[in-house]
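Enquirer: give me the fold of what follows.
(2 chains)
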Amino acid sequence: MPELDPLILARIQFAFTVSFHIIFPTISIGLALFLAIVEGLWLKTGNLVYRQIYRFWLNIFAMSFGIGVVTGVVMSFEFGLTFAKFAQLAGPVIGPLIGYEALTAFFLEAGFLGIMLFGETRVGPKLHFFATCMVALGSTISAAWIMSANSWMQTPDGVAWDHGRLIVTDWWKVVGNPSWPVRLPHMLLAAYLTAAFFVSGVSSWYLLRGREIAFARRTLSLGMGASCIVIAAQVFVGDHVGSTMVRYQPAKLQAAEGWWDIRTPSPTPYLWVIVPDQAGQRNRFQMGIPYFGSIWLTRSLTGTIGGLRNTPVDQQPNVLLVFYSFKIMLALGMTMFTLAVISLWLRWHGRLYSARWFLRVLVVMTPAGVVATLGGWYTAEIGRQPFVITGMMRTADAVSPVPAATLLSTLIALACVYTVFILAFLIFTLRLIRRGPAGLPAHALPSGSLKRGLRPEIAGVQPYLAGEE
Amino acid sequence: MDLPLLSALFLWFALTMYVLLDGFDLGVGALLLAQRDQRVRDRMVDAIAPTWDGNETWLIMAALTLLAGFPRAYGILIPAFYIPVVLMLLSLGLRGVSFEFRHNSVTSRRRWDIVFAGGSLVAALAQGLVVGGLLHGVDTDLDSFGGSPLDTFRPFCLLTGLAVVAGYATLGVGWLHLKGDDATRAFARRHQRWLPLLFLGLAIITGLIAASMQPNLTASWRNHRIALSLCLLAFTACAPGIAWSAGRDDADDRIGFGLALAMMLSGMLALGLSFFPNVVPFRLTLWQAASGASTHEFLLIGALVTTPVVLTYSAFAYRVFRGRTPAEGWY
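Expert: Just a heads-up that it's a prediction; the model follows:
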């Protein structure tokens, strides 16, 4: 058996649990806002189709929220399980941030999600709408805390060293560290895009099958309308994320663009395919679009940029992973942008609901937001390597003193259990989609459990009580 | 003001809330294994359905308080209890999911019940392993855990694991006695006659073995002998009280569960006093493990503002679902 490296295993375990986790908050942050908008429209117009849209997506929202909670509990222990030395150094700084995030999120889960999910028959429509808005607001606030904690790891500020420990000198600078103001909107917009393409993809599927026409048209209209606004904002915000990176984490952007040279050739092509040779500090093969590197990165026809050889070798991230994570995110973002523009054109010509090729593309793009978000996170997190806290602590020094065999066995156990979660989520979501909004019960059933979205009455399975006695 | 001490009190408070609240629903979950009648099992699950979600909040609160307030301890204790922590997290996750899926169909409900009950049992057992490891004392090597992850499977820790399962089951039968229909209550009363006594017995044996094994523990007991004697007195008196009330038809429903809560609370007080002022027993005091004052200030402000809100909601949720569980469930 080859020698197992605890560092690699710890990184895989943390990456696995956090990647799995982030999928669900991303979906639920976006869907929460979508639900608030739809319920607002319903209250304003009284059009029953909005109510149908709300009821349908509420169930999928509840499921992703539930899995987000279960996998989130794991994360609060993962810092100690895999990176105890990091927890010991950074606990005083990020611990309270995540503490605040958990308190806010759980307060809202406990207080308003219950009303949102089962309170329809117990409170008035306005209070119910208020509850939906509070859940949407709460998920945004909770994202703000966790992005603050992660951004602090990217661009630490507001702390001082004191006998090998970190002491917070200014909480405002910790919370509002340099990359947080751009990374928070970037993540929120990513969540909104994820939800917009998710709902658009599902409604396109209905339109292609000629099912649930009124429901699907309105959902598609809302989804693609939102995409147009959000992607326009995302292009702008994404650009600012890039310039913040140039300033504070140049190595990450150098790796993401795939250049090694101290100065790139003039004009600089924009690279899309590379075969990097990390040891040789060069690309074995590279292919790009001429001029576009200069235009995009320097806003001129002939400008040049600095490559990764500007960063000492022992401070460079893995180029292969960072480059392709970034390019996947970028390519999906550009595809979404193009589709948003096409949707405007089709809408203008009254063909948004009938252009079958476009609907087919949207069906394929249903999970695009999730994939792009993961790509972005991989860029951010692998791009920060070899540091866990930029410039302050190396990942290799952060790992828990846990034997490799133990890490490996728990990684396998986690993978098995999480497979059950994802399969259950997919089966229930697909079942809901196949059944369609018309298959929903006429009104919300009064209940107590917060994770009711997973329950059979809603998921469309015959409730067992009906068959009893 | 002694900020680390306040944070430590908040940590104890969060842990105690967790043990009292999630304790009874983990106990009910584990008790499913002792009930063959599917209909009674359904009633048992219905009795915890509306409120169990919120109870786990306190566990996260405790973990993050430890991370923020006592990072050195967090970085030692979580790796020290690596296997029970992972076991607990996986069990709690599976339990949460099977809770929702058990209603899917009549055929697979039995299977999900086993996952649910098994998850509850293993989670309780894993928490007991941690208690045993803490009583035994944690090996440290500077700021790291110095032992082996398998230390947690000492026979002594298995004993504390059983004690915690018995304690949670005592809470669980108390809850069922309070909330159940007639068949469930009869089941609960049958087990109330012996479970608290088993819990008492296991706890006392645990204490005796721990005292013979860990001199720091006996030293700490001598320092707090009056308070600990009171805890022990309350703990010991509650167990026969529960058994007695279960045998009487005219006893108030609330007595059994109330005494179980009192029993658990005095147990948590005794544990807290035994470890005080250590946060990594018996190597690091809470002041040695504490983060800087600015962290405690920030953390405590948040805790003081949000805890009343969380408590208010929890009380409200319990109030909404007060009284006996309806025969058709809450749904």
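Enquirer: pick out the residue of the stretch 201-331 of chain B closest to chain A.
Expert: Ranked by CB to the nearest CB, the top residue of the stretch 201-331 of chain B for proximity to chain A is B:S291, at 3.3 Å. Every residue, glycine included, has its C-beta placed from N, CA and C.
Enquirer: so what's the closest residue to that residue other than its chain neighbours up against?
Expert: Nearest non-adjacent residue to B:S291, counting by CB to CB, 6 or more residues apart in numbering or on different chains: A:P92, 3.3 Å away. Residues near A:P92 by CB atoms under 8 Å, 6 or more residues apart in numbering or on different chains: A:165-168, B:68, B:71, B:291-292, B:294-295.
Enquirer: which helix or which strand is home to the residue of the stretch 201-331 of chain B closest to chain A?
Expert: Using DSSP states H and E, B:S291 is not contained in any helix or strand.
Enquirer: same for the lengthiest helix in chain A, what does it pack against?
Expert: Counting by DSSP state H, the longest helix found in chain A is helix A:6-45. With contacts taken as 3 or more CB pairs under 8 Å, 6 or more residues apart in numbering or on different chains; DSSP states H and E, helix A:6-45 sits against helix A:48-82, helix A:125-154, helix A:180-209, helix A:213-248, helix A:368-384, helix A:404-435.
Enquirer: these: which one's closest to chain B?
Expert: Using CB to the nearest CB as the measure, helix A:48-82 is the one of those that comes nearest chain B, at 2.6 Å.
Enquirer: who's in contact with residue 293?
Expert: Using chain A here. Counted by CB under 8 Å, 6+ apart, A:G293 has contacts A:257, A:264, A:267-271, A:305.
Enquirer: that answer is for a different chain, and I need it for chain B
Expert: B:A293 neighbours (CB under 8 Å, 6+ apart): B:L3.
Enquirer: likewise A:T17?
Expert: A:71, A:74-75, A:78, A:414, A:418.
Enquirer: give me the below-cutoff pLDDT ranges for the stretch 101-250 of chain B.
Expert: Applying pLDDT under 70 to the stretch 101-250 of chain B flags the ranges B:101, B:103-107.
Enquirer: if you set the cut-off to 80 instead, what comes out?
Expert: B:101-109, B:249-250 (pLDDT under 80).
Enquirer: hang on, the earlier thing: looking at the contacts of A:P92, which are in helices?
Expert: Among the contacts of A:P92, the members found in helices (DSSP H) are B:68, B:71, B:294-295.
Enquirer: ok, back up a step: relative to B:G93, how far out is the residue nearest to B:S291?
Expert: Here A:P92 is placed at a distance of 29 Å from B:G93 (CB to CB, to the nearest Å).
Enquirer: for A:I67, which non-adjacent residue is spatially closest?
Expert: Distances taken as CB to CB, 6+ apart place A:F24 nearest to A:I67, at 4.8 Å, with adjacent residues excluded.
Enquirer: surely the one you found and A:S64 touch.
Expert: Yes: between A:F24 and A:S64 there is a contact under CB atoms under 8 Å: 4.5 Å.
Enquirer: residues contacting B:R102?
Expert: Residues in contact with B:R102, defined by CB under 8 Å, 6+ apart, are B:45, B:109, B:112-113, B:116.
Enquirer: let me have those residues in a markdown table, extended by neighbour count, secondary structure and distance to A:L113.
Expert: Shown next, in a markdown table, are these (neighbours: other CB atoms under 10 Å in any protein chain shown; DSSP: H, G, I helix; E, B strand; the rest coil; distance: CB to CB, whole Å):
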| residue | neighbour count | secondary structure | distance to A:L113 |
| --- | --- | --- | --- |
| B:V45 | 24 | helix | 21 |
| B:R109 | 20 | helix | 26 |
| B:W112 | 20 | helix | 23 |
| B:D113 | 21 | helix | 26 |
| B:F116 | 27 | helix | 22 |
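Enquirer: close to chain A as well: tell me which of those residues qualify.
Expert: B:R109 (CB under 8 Å from any CB of the partner chain).
Enquirer: any idea which of the contacts of B:R102 is the one closest to chain A?
Expert: Nearest to chain A among the contacts of B:R102 is B:R109, at 6.6 Å by CB to the nearest CB.
Enquirer: can you map out the strands along the stretch 201-331 of chain B?
Expert: All strands of the stretch 201-331 of chain B, identified by DSSP state E, counting those that start in this stretch, fall at B:278-280, B:284-285.
Enquirer: sheet partners, orientation included, of the shortest one?
Expert: Strand B:284-285 sits in its sheet next to strand B:278-280 (antiparallel), going by DSSP bridges.
Enquirer: quick one: contacts of the partner strand?
Expert: In contact with strand B:278-280 (CB under 8 Å, 6+ apart) are residues B:8, B:66, B:70, B:72-73, B:76-77, B:138, B:140, B:216, B:284-286, B:289.
Enquirer: rerun at 6 Å
Expert: Contacting residues not belonging to strand B:278-280 are listed as B:70, B:73, B:76, B:138, B:285-286, B:289 [CB atoms under 6 Å, 6 or more residues apart in numbering or on different chains].
Enquirer: in a strand, A:M287, correct?
Expert: Yes: judged by DSSP: H, G, I helix; E, B strand; the rest coil, A:M287 forms part of a strand.
Enquirer: so where do the strands sit in the stretch 1-150 of chain B?
Expert: Along the stretch 1-150 of chain B, the segments classed as strands by DSSP E, counting those that start in this stretch run B:140-141, B:144-145.
Enquirer: of all the ones you listed, which lies closest to A:A438?
Expert: Comparison of those against A:A438 by CB to CB identifies strand B:144-145 as nearest, at 56.9 Å.
Enquirer: please report how far A:D170 lies from B:Y313.
Expert: The gap separating A:D170 from B:Y313 is 33 Å, by CB to CB.
Enquirer: neighbour count winner among these two?
Expert: B:Y313 (20 against 13; other CB atoms under 10 Å in any protein chain shown).
Enquirer: need the pLDDT of the more buried one.
Expert: Here, the pLDDT recorded for B:Y313 equals 71.
Enquirer: one step back: dump the strands of the stretch 1-150 of chain B into TSV; add mean neighbour count as well.
Expert: Output for those, formatted as TSV (neighbours: other CB atoms under 10 Å in any protein chain shown):
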stretch	mean neighbour count
strand B:140-141	15
strand B:144-145	21
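Enquirer: looking at those, spot the one closest to chain A.
Expert: For chain A, the closest of the strands of the stretch 1-150 of chain B is strand B:144-145, at 4.7 Å, according to CB to the nearest CB.
Enquirer: can you tell me the strand partners of that closest one and which way each runs?
Expert: Strand pairing for strand B:144-145, using DSSP bridges, gives strand B:140-141 (antiparallel).
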